[in-house]
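**Student:** Predicted model follows, preceded by the sequence.
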Amino acid sequence: MPARWAAALFGAVMAGLGVLFSLEPAFRTPVRLLAGALAVAAVLIGLRWHRPAERTGWHLLAIAVVLSSVGSAAYALGTDAPWLRTGGTIVLLGFYPVLAVALFLFVRHSTKGRRDRGGLLDALTLTCGVGLLAWTFVIGPRVRDADLALADRVVLVAFPVGGLLCLGMLARLLISVRRRLPAVLCLTAGVVTMLAVDVVTDLAALNQDLAYLAVFGRIPLYAGIGAAALLPSMTELTRDVVRQPAELSRTRLALLALASLVAPAVLIFQVGVDGRVPDLTVIAGLSACTFLLVLARMAGIMSSHRLALARERGLREASEALVSAADADGVAEAVRKAVAQLLPADTMHRVVLAMAFSEPDQPVSAETAAQSAQDRAAGTSARLVATRDVDWAVAVRMTQFPMVLRCPLVLADRPTGDPLVGVLHVGAPANALLGLQRALEVLATQVALALERIALSEEVVRRNSEAYFRTLVLNTSDVILIVDEEDRVRYASPSAGHVLGADPVGVMLPDVIHPGDRPRLSGVLAGVRRGMTMPTGIDFRAVGRRRTEVMLEMHCRDLRADQTVAGLVVTLRDVTERRQLERELTHQAFHDALTGLANRVLFADRLQHALARGARDGSVVGVLFIDLDDFKIVNDTLGHAVGDQLLVAVAERIAGALRVDDTAARLGGDEFAALVENVQDPGAVEETAARILAALAHPIIIDGEPMQAVASIGITTTPEADNADELLRQADLALYVAKGAGKNQWRRYQSHLHGAMVERLELRSALDHAVAEGNFLLQYQPIVDLASDEAVGFEALVRWHHPERGVIPPDQFIEVAEESGLIVPMGRWVLDQALHTVAQWRRILPRTRQPYVSVNVSVRQFREAGFVDQVRASLDFAGVPPQALMLEITETLLMGDDEQIWSDLAILRDLGVRIAIDDFGTGYSSLGYLRQRPIDVLKIDKMFIDDMVNDDQQFGLVRGIVSLAHTLNLTVVAEGIEDATHREILAQLGCPLGQGYFFSSPLDATEALNWLRAPQASIAAAA
């Protein structure tokens, strides 16, 4: 009798017993025993018929049936015999763990011991949700029933707990079994019905109206177990096969959601029915467990998602590597790297790529033929097989792994007819292999395509049919030529006309190539015919379709021995755009993007080569460091766009001043360098520096405005050093000396320059300490009304009180302070101290003689955020009106485009603070800017005052400045008045104010106050 018919007949018999059980209560005990006996017999028959790999689980199911039927019968017969009822209860309690262990064994066999963390969490979550319902409606009322004895309560609680244990094992089994087998469905129906009957029985004890729901007792359980054992699919529950972990399907997600919603539903129900929650602690505990289980499940899902993303990235990188692979070894290497990325980190594994290969005359074993047929039928479907079942050549390399993931490489429409390209084997721990199956199938498809691509490329040379060869190369963009012994093109692929502009068949190959490259081409062809290995990727020039020059990369192979070719196979690839891009990238890597000069890297490389040549022929190598003076002022005042234009113009002039053999470079910012080589005298290097300064002497026109580029140059030559690092260091030192000596000059390195550099660094360090400690003092030089010789104000002049060198004038440290940024805190101190001093004077002197104080302000101070607020706060703290302060700015600031600075100056001027231009006439500014900027005072530089007595041009310039200031309603202050002649001339020109040593040298605060009280005596003494 077929097994399915036997199962159907068994089910019909059990259904009849169920009906008899429900209709005749007097026959229930014998019916129980008979149904149990039939179920045990069905299990034994099923084991005999189907012979599963493991029988322990089915034996335990038979034992569970015996315990259930015997225990139920004993309990029913023990109405008048308490000991019999007690024994039946104990037997019935033993039924649950036996059933749970049987289900556990099925789970273990179906997963082969693999840890399915997601399935376990899902089963626990579902069990927790059902457990909360069981506690609420079954267990809880029993525990709280004070009328029951403790032993009775324990027994009544043990039954639902045992049912929950079985439910959890059943849920775990359903999750682990991927396919819904008939045997599993029968077993599930029996266990679920048994659990439902148990619940109804417990509820009936509380409410007799529900007793009719348990009319069939446990006969459905016996029917389900017996039918499952009789079905052929019962072997799937114990088969030694590892399956892919089940995914989180919609059904499972819905069950998990329902389990999570049990707790709030129970709370709502109990509050709505009873108005209270008697078991809040238990509900909270089970809710917390459910919540934590869901969180753990979500964490696992996120981990799986991250692993999936990593595998997707690995597959993408593998695809790129496979596309660029040139042979089977390259494909194998790409596969090994891809598998290493697809597996979890530090996972031991082994990869073997076996190619399909067969000799027509060589017999194939039956096992190999069967396995190949199975691979062709499976396609690129990966499957786990035991290591001992794979080919011997593969198995010997996989001995450390019991299981191997085998994935055939199959192409359905393969030209050769055989779809099997090869087989990819991956050995690793079973848990890692299970998660690799899908990714490996995708990788196998890419590998098959890559191998087929490589095979087709090789087939071009190997195939005997020229027609097939033409078909393969018809659509390729590369030009394939066959050249005979006379270098005449016998065959050309269709792409030749597109690349070369015409069909070259019948034309001599050298005639296609540029005349300048023909000798090299002849040498290459001759070398290939002699059997020499051709260098990879030789470039030749040719004329393209649009009569433009194209660059062709050539590969050549000698196939004269092949009768189907009988010539040289020349492959030409158009690499014009690629070579152009390579040249541009190379140029960008070694040249400055703004000026086009060599950058620091190229300059250092050429310096090394120049030193090597100089060591061989005894020539002199010179290095020049060129730095623009006051370039930062250009950027600050005119903007970076103008600064960039100035740098480009300077670069052109420096390059124009050099010889062809020399190298000009931009090292960064406003720093340039020049390399002078192949000279015999160090004086030639100095001449180069002089030519550069002469080239920069002429004004540079930018946006219609003339600008002066002044530079300092440091020079060193090989007689002072013989290595690149030392030359660069010496040139840098010489540059610092040149900048310190003034503008527009060069200095050559001398040994004592190192000490000067060290001294400058020490000065900067000491200045930093002086700013922190406040080691400065202010002196004040009076600004005098030339008509009355009365002081109207004082200019505050800062001095550095050095602990060892005494008082240091500002010309020795202001430049260092500007470079280091220390000018900002120093300027803040000068402003506060000067306002404090003038406040003291104004409190002492009468109202008719209230002087102001003039303070020099750096551009850096203006660029600090909140400068206006700082000035306002200093005025408020000193308690003086804004009219008591005048701020002096440099003339170069007039040309600046920074509207924020001029907005701040306008605010200060509206506040009452006067703005003065210091050293007017020495900068690059246009007089037209005076009408556009918030200016009150012009201070004529001392240089014009010194020369106006003997120089009519300077005299006219001073007179023009005074006249212009009167026209623009500006006040003029003449600086550097040294004698009475200066004073008289300026008074005659109408200059209202002046200052200089004729009136007084800089004074401290007390001396300045005394001078204010008796200025005439001081002037007379000075005279």
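**Tutor:** Yep, that arrived. Numbering: from 1, shown residues only.

**Student:** quick one: Trp58 from Gly87, how far?
**Tutor:** 26 Å (Cβ to Cβ, to the nearest Å). Where C-beta positions appear, they are placed from N, C-alpha and C, glycine not excepted.

**Student:** Please identify which of those two sits among more neighbours.
**Tutor:** Trp58 (24 against 16; other Cβ atoms under 10 Å).

**Student:** Could you check how many residues crowd around the nearest residue to Val323 once chain neighbours are set aside?
**Tutor:** Nearest-residue entry for Val323: Ala450, 7.2 Å, with adjacent residues in sequence omitted and distances by Cβ to Cβ, 6 or more residues apart in numbering. Burial of Ala450 is recorded as 24 neighbouring residues (other Cβ under 10 Å).

**Student:** residues touching Ala450, list them.
**Tutor:** Leu322, Val323, Ala325, Val331, Ala334 (Cβ atoms under 8 Å, 6 or more residues apart in numbering).

**Student:** Verify the contact between the fourth one and Ala338 for me.
**Tutor:** No - using Cβ atoms under 8 Å, Val331 is not in contact with Ala338; the gap is 10.3 Å.

**Student:** nearest to Asp503, of the contacts of Ala450?
**Tutor:** The closest of the contacts of Ala450 to Asp503 turns out to be Val323 (Cβ to Cβ; 31.0 Å).

**Student:** Tell me the spacing between that closest one and Leu449.
**Tutor:** Distance from Val323 to Leu449, by Cβ to Cβ: 9 Å.

**Student:** what do you get for Thr536?
**Tutor:** For Thr536 relative to Leu449 (Cβ to Cβ), the value is 25 Å.

**Student:** secondary structure element for Gln954?
**Tutor:** Element membership for Gln954, per DSSP states H and E: helix 952-967.

**Student:** typo on my end, it should be Ala284
**Tutor:** Per DSSP H and E, the secondary structure element for Ala284 is helix 280-324.

**Student:** With only the CA atoms kept, save the helix or strand just after that helix in PDB.
**Tutor:** Going down the chain from helix 280-324, the next helix or strand is helix 328-342, by DSSP H and E. Once non-C-alpha atoms are left out, helix 328-342 reads as follows in PDB (Å, rounded to 0.1, in the frame of the first residue of the first chain):
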ATOM      1  CA  ALA A 328      42.500  32.900 -16.200                       C
ATOM      2  CA  ASP A 329      45.100  33.500 -13.500                       C
ATOM      3  CA  GLY A 330      43.900  37.100 -13.200                       C
ATOM      4  CA  VAL A 331      40.300  35.900 -12.900                       C
ATOM      5  CA  ALA A 332      41.400  33.400 -10.100                       C
ATOM      6  CA  GLU A 333      43.200  36.100  -8.200                       C
ATOM      7  CA  ALA A 334      40.100  38.400  -8.500                       C
ATOM      8  CA  VAL A 335      37.900  35.600  -7.200                       C
ATOM      9  CA  ARG A 336      40.200  34.900  -4.200                       C
ATOM     10  CA  LYS A 337      40.100  38.600  -3.300                       C
ATOM     11  CA  ALA A 338      36.300  38.800  -3.700                       C
ATOM     12  CA  VAL A 339      35.600  35.700  -1.600                       C
ATOM     13  CA  ALA A 340      37.900  37.200   1.100                       C
ATOM     14  CA  GLN A 341      35.800  40.300   1.200                       C
ATOM     15  CA  LEU A 342      32.500  38.400   1.000                       C
END
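
**Student:** same question for helix 328-342, mean pLDDT?
**Tutor:** In this model, helix 328-342 has a mean pLDDT of 85.

**Student:** So what angle separates the directions of the next helix or strand along the chain from it and helix 328-342?
**Tutor:** Of the helices and strands lying after helix 328-342 in sequence (DSSP H and E), the nearest is strand 350-355. Angle, strand 350-355 to helix 328-342, by axes from the mean of the first three to the mean of the last three Cα atoms, to 10 degrees: 140 degrees.

**Student:** Report the buried residues of strand 350-355.
**Tutor:** Arg350, Val351, Val352, Leu353, Ala354 (16 or more other Cβ atoms under 10 Å).

**Student:** Over to Arg490. Which of the three states is it?
**Tutor:** strand (DSSP: H, G, I helix; E, B strand; the rest coil).

**Student:** List the contacts of it.
**Tutor:** Arg490 touches Ile482, Val483, Asp484, Val505, Gly567, counting by Cβ under 8 Å, 6+ apart.

**Student:** so where's the stretch 701-850 of the chain shaky on pLDDT?
**Tutor:** 751-762, 819-820 (pLDDT under 70).

**Student:** in it, which spans are strands?
**Tutor:** Ranges of strands in the stretch 701-850 of the chain, per DSSP state E, counting those that start in this stretch, are 705-707, 711-717, 745-748, 776-785, 790-802, 806-808.

**Student:** Nearest to Asp946 among those would be which one?
**Tutor:** strand 776-785 (16.8 Å).

**Student:** separation between Ile90 and Leu67?
**Tutor:** 10 Å.
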